[in-house]
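Participant: I'll drop the sequence and a predicted model, then ask my questions.
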Amino acid sequence: MRYLLPSLILVALLAMLMLRGYVHSEILADHRIRPPAATDQVPERILKGGPVIDARGSGDARALTIPDHKLVITFDDGPDPEWTPKVLDKLKQYNAHGVFFVTGTMASRYPDLVRRMVDEGHEVGLHTFNHPDLAYQTKERIDWELSQNQLVLAGAAGVRTSLFRPPYSSFSSAMDNKSWPVTQYIGSLGYITVLNHTDSEDWKRPGVDEIIRRATPEGTKGSIVLMHDSGGNRAQTVEALDRFLPDMQKRGYAFSNLTEALGAPSAHTEVAGADLWKGKAWIAAVTLSEDLTGVLVGGLAVIGVLVMGRFGLMLLLSFLHARKVRRRDFSWGAPVTEPVTVLVPAYNERECIANTVRSLMASDHPIEVIVIDDGSSDGTADIVEELWLPNVRVVRQQNSGKPAALNNGIAHARYDLIVMMDGDTVFEPSTVRELVQPFGDPRVGAVAGNAKVGNRDTLIGAWQHIEYVMGFNLDRRMYDVLRCMPTIPGAVGAFRRQALERVGGMSEDTLAEDTDITMAMHRDGWEVVYAERARAWTEAPESVQQLWSQRYRWSYGTMQAIWKHRRALVERGPSGRFGRVGLPLVSLFMVLAPLLAPLIDVFLLYGLVFGPTQKTVVAWLGVLALQAVCAMYAFRLDKERMTHLISLPLQQILYRQLMYVVLLQSWITALTGGRLRWQKLRRTGAVEAPGSIPTQRRRDADVDRRPVG
């Protein structure tokens, strides 16, 4: 289900967006308008006949006229949520009826208005689904336009109609060699084509007086009047109706439906059975797509605010943090010179462990090193022992997991300051010294170091390098200033023994023990800070499968930690402060925002294909530019080369999508009550630290870089 549900959600989302684009004429719409053609193939009786053309049956087509003192007022292009109700109100006020030629796109979105038309005694006709010029279309497309329009009427009002008005049509005298064959074909399908006698040209908004003048027939002649209840501002149309309807009634005109005026049976027939349910299903699907799109747009607005807010906070607070800790007179307190215990939990780290331990031997701060072998089966512990390094001890245990290994290491530690690192990480000579200096402040219980990607020579490594520098470390500066650091990275962190003992040591309750212990520190009243100069170089995942496994555990473990410490929201003191500041920020920026962030890319793709392409591209480039500014500032703070940012646009297009799916899968796992096991990643030992700055080890062709199955 963890794999099936994200796939189903993605397919459903795409289907809803496609449906939304379809009913908004953004997909499959054809806006071409054919120029006039010759008329020599159109029968004379049609060119000089009335505005109603009945080409049904096998006989000759007939052109019907409206009897005197009868006005059939028609409205095209609706229904519109603003103007159609006002038009209906005016017709009801003056006890007048008319014919509404609706498009399928509008009727799908506003079915209640179609139902109101029918309930109030008006006739409804087809105006195609997408409003194309049918002279350009094939018979198959014409069939599709009409059947889809009928489907909408069935779902909205439970009726079919035999009335049809072609888009871009006018008078019968304007029928030509291109439109006449279409009219004949539509007649063969059982439809009556309704043109008009009198065109108000209200769509031009010429003024109320001019609309009335153009809509008024000569003398007492019967007429079909063309107006519009959609397609733009129809305020002049509504105002004109308020005068036109009573004035014509005073002159003896009756406003009736078309079939009433012609003395024919109603154009409506009731729909039942499968056709009715198919129509209702269509309306329900369109309604769902409209509602979902509204939710997505709202979500996009939320993520926009979150992204902008996060970037603004990161830039401002990172600047304040750097300004504070880089002052010449800044000090955490008296220099910390006491020895430190470094714990290295290791499980099957034979590729990396020698590099890790050797890097510690170059430390310029007095340390003891304890390697806790967590039941390795690859000889990890033997490798360490065979190095015969001073102040390095190996503690062996049965495989019990990383938290248990760390707790075992704490029990064997000689000193009160404890540094924790991963078995695939290397330290610079100054890392330990820089990491423990904040303990000069007795309020500090834990310190987060500056974790960096050591194997950045691949594309996926470069993307993670950008993420570490821009996302993780810039975030840590922000959280340091706000005093709500959410995570001490497992690759490089330091703790007071007293603080660890007060919170019960490393917990096995979550898969993110580093986040769990950090939140516990805050709730116990300890300060947690960031030491930017305490650099550690870690081996990042080198394949998509490994990266997926790691981030899946991280995101799921973070959710577990947030849930575990949720009571901090209502507690008092330091715990309450963290609960009301730290937990909301972590939830917004690390859980909610990444979950909604795909909306940016969804609407980008949708806009590129169906929407205003230029505006979409400009908006996306604006977001990318803002991210680039943050990334460049983060790289400047960390003194990193800007050349790595060349891959930033590609990271936003490809890498982010993977992170979205991982987080979505974590959400589904959490909501479905699933359990996630710790997944060991395959290491290659690609990161070494022979000098002050780690370098890339030359890779041999036979190094196995595949993920663990």
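Facilitator: That came through, no problem. Numbering: from 1, shown residues only.

Participant: Quick check: most distant residue from the centroid of this structure.
Facilitator: residue 219 (60.4 Å; C-alpha atoms, centre = their mean).

Participant: Can you give me the distance of that residue to residue 73?
Facilitator: 18 Å (C-beta to C-beta, to the nearest Å). (Each C-beta comes from the backbone N, C-alpha and C, glycine too.)

Participant: With residue 555 instead?
Facilitator: 61 Å.

Participant: Ok, residue 468 next?
Facilitator: 69 Å.

Participant: what about the two, which has more around it?
Facilitator: residue 73 (28 against 23; other C-beta atoms under 10 Å).

Participant: Need the three-state assignment for the more buried one.
Facilitator: strand (DSSP: H, G, I helix; E, B strand; the rest coil).

Participant: Okay, now the unreliable bits of this protein?
Facilitator: 1-3, 5-6, 58-59, 611, 670-709 (pLDDT under 70).

Participant: Endpoints of stretch 470-488, how far apart?
Facilitator: 17 Å (C-alpha to C-alpha, to the nearest Å).

Participant: Now do stretch 215-226: distance from first to last residue.
Facilitator: End residues of stretch 215-226 are separated by 8 Å (C-alpha to C-alpha).

Participant: tell me which residues in it are buried?
Facilitator: 215, 216, 217, 221, 222, 223, 224, 225, 226 (16 or more other C-beta atoms under 10 Å).

Participant: From those, which land in helices?
Facilitator: Of the buried residues of stretch 215-226, the ones assigned to helices by DSSP state H are residue 215.

Participant: Just name the closest of the buried residues of stretch 215-226 to residue 657, please.
Facilitator: Checking those against residue 657 with C-beta to C-beta, the nearest one is residue 226 at 50.0 Å.

Participant: Which residue is the nearest non-sequential neighbour of that closest one?
Facilitator: Nearest non-adjacent residue to residue 226, counting by C-beta to C-beta, 6 or more residues apart in numbering: residue 196, 4.0 Å away.

Participant: where along the stretch 601-709 of the chain do the helices fall?
Facilitator: 613-637, 648-650, 656-671 (DSSP state H, counting those that start in this stretch).

Participant: Which two of the buried residues of stretch 215-226 have the greatest separation?
Facilitator: Taking C-beta to C-beta, no two of the buried residues of stretch 215-226 sit farther apart than 221 and 226, at 15.4 Å.

Participant: ok so residue 460 is a helix residue?
Facilitator: Yes. Per three-state DSSP, residue 460 lies within a helix segment.

Participant: what about it, neighbour count?
Facilitator: Neighbours around residue 460, by other C-beta under 10 Å: 22.

Participant: Which strand or helix spans the nearest residue in space to residue 508 that is not next to it in sequence?
Facilitator: In this structure, residue 508 finds its nearest non-sequential neighbour in residue 403, 4.6 Å apart by C-beta to C-beta, 6+ apart. Residue 403 belongs to helix 402-412 when assigned by DSSP states H and E.

Participant: Mind checking what helix or strand follows that helix in sequence?
Facilitator: strand 417-420.

Participant: Could you name the helices and strands sitting against that next one?
Facilitator: Helices and strands touching strand 417-420, as assessed by 3 or more C-beta pairs under 8 Å, 6 or more residues apart in numbering; DSSP states H and E, comprise strand 340-346, helix 402-412, helix 431-436, strand 493-496, helix 497-502.

Participant: Swap in 7 Å and give it another go.
Facilitator: On a contact count with 3 or more C-beta pairs under 7 Å, 6 or more residues apart in numbering; DSSP states H and E, strand 417-420 meets strand 340-346, helix 431-436, strand 493-496.

Participant: If you drop the residues flanking it in sequence, what lies closest to residue 375?
Facilitator: Nearest to residue 375 is residue 399, by C-beta to C-beta, 6+ apart, at 3.0 Å.

Participant: How much space separates that neighbour from residue 639?
Facilitator: 40 Å.

Participant: more crowded one of these two?
Facilitator: residue 399 (13 against 6).

Participant: gap between the more buried one and residue 318?
Facilitator: 40 Å.

Participant: same thing with residue 4?
Facilitator: Residue 4 is 41 Å from residue 318, by C-beta to C-beta.

Participant: Same question for stretch 633-643: list its buried residues.
Facilitator: 633, 634, 635, 637, 638, 640.

Participant: rewinding a little: can you name the residues that contact the residue nearest to residue 375?
Facilitator: 347, 374, 375 (C-beta atoms under 7 Å, 6 or more residues apart in numbering).

Participant: What subset of those is buried?
Facilitator: 347, 374.

Participant: now the end-to-end length of stretch 49-56.
Facilitator: 16 Å.

Participant: quick one on the thing from earlier: extract the CA atoms of the helix holding residue 403 and return them as PDB.
Facilitator: Output in PDB follows, covering the C-alpha atoms of helix 402-412 (Å, rounded to 0.1, in the frame of the first residue of the first chain):
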ATOM      1  CA  LYS A 402      22.100   2.400  16.900                       C
ATOM      2  CA  PRO A 403      20.400   3.900  20.100                       C
ATOM      3  CA  ALA A 404      21.400   0.800  22.100                       C
ATOM      4  CA  ALA A 405      25.000   1.100  20.800                       C
ATOM      5  CA  LEU A 406      25.200   4.700  21.700                       C
ATOM      6  CA  ASN A 407      23.800   4.000  25.200                       C
ATOM      7  CA  ASN A 408      26.400   1.300  25.600                       C
ATOM      8  CA  GLY A 409      29.100   3.700  24.500                       C
ATOM      9  CA  ILE A 410      27.900   6.300  27.000                       C
ATOM     10  CA  ALA A 411      28.100   3.700  29.800                       C
ATOM     11  CA  HIS A 412      31.800   3.000  28.800                       C
END
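
Participant: Thank you kindly, that will do.
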